[in-house]
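*Asks:* Next input, structure requested:
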Amino acid sequence: MTATATPGTTTSTDRSSSVPGTSVTKVFDAEAMQKSVREILTEEYLVEDLRSVTCPSGKRVEVDSTFECTAQIGGESKAVPITVTSEKGDYQVGMPA
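*Replies:* You can find the predicted model right below:
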């Protein structure tokens, strides 16, 4: 089971490119994602005793890329799989494992 969310994204300038000028890279807003993941876990997956959600910062918006947020549930740390589904920043939130 997965739920889909669209949090805020931010844009950063990547100056490490070998091409002259700058390129623009979209990255997820970690705070917005944490809030969105928390809502999905509690409202759609009905997770109880959710203490916190932490998502990594600087994750690029790249379709089919995956990473994990971490949820503190009942005193245990659980991995929450995230799969990016669109260039707009839509993503799926999997069940905590």
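*Asks:* Quick check: which ranges of this structure have low pLDDT?
*Replies:* Across the chain, the stretches falling below the confidence threshold (pLDDT under 70) are 1-23.
*Asks:* one more time with 90
*Replies:* Where the chain drops to pLDDT under 90, the residues are 1-25.
*Asks:* measure stretch 66-80 end to end?
*Replies:* Using Cα to Cα, to the nearest Å, one end of stretch 66-80 lies 11 Å from the other.
*Asks:* Quick check: buried residues in that stretch?
*Replies:* Counting neighbours by 16 or more other Cβ atoms under 10 Å, one finds that the buried residues in stretch 66-80 are 67, 68, 69, 70, 71, 73, 78, 80. Backbone N, C-alpha and C define where each C-beta goes, glycine included.
*Asks:* Would you list the strands that the one helix or strand residue 80 maps to pairs with, along with their directions?
*Replies:* Taking DSSP states H and E as the definition, one finds residue 80 inside strand 76-84. Based on DSSP bridges, the strands next to strand 76-84 in the sheet, each with its direction, are strand 66-73 (antiparallel), strand 91-94 (antiparallel).
*Asks:* Give me the residue at the spatial middle of the chain.
*Replies:* Within the chain, one residue has its C-alpha closest to the average C-alpha position: by Cα atoms, centre = their mean, that is residue 33, at 5.0 Å.
*Asks:* and it, that one's in a helix?
*Replies:* Yes. The secondary structure assignment for residue 33 places it in a helix, going by DSSP: H, G, I helix; E, B strand; the rest coil.
*Asks:* So it versus residue 79, what's the distance?
*Replies:* When Cβ to Cβ, to the nearest Å is the yardstick, residue 33 and residue 79 sit 15 Å from each other.
*Asks:* and what of residue 85?
*Replies:* As for residue 85, its distance to residue 79 is 19 Å (criterion: Cβ to Cβ).
*Asks:* got the buried residues for the helix or strand hosting residue 24?
*Replies:* When elements are defined using DSSP H and E, residue 24 is found to belong to strand 23-28. Buried residues in strand 23-28, counted by 16+ other Cβ under 10 Å: 27, 28.
*Asks:* So which elements touch that strand?
*Replies:* Packed against strand 23-28, as judged by 3 or more Cβ pairs under 8 Å, 6 or more residues apart in numbering; DSSP states H and E, are the following elements: strand 9-14.
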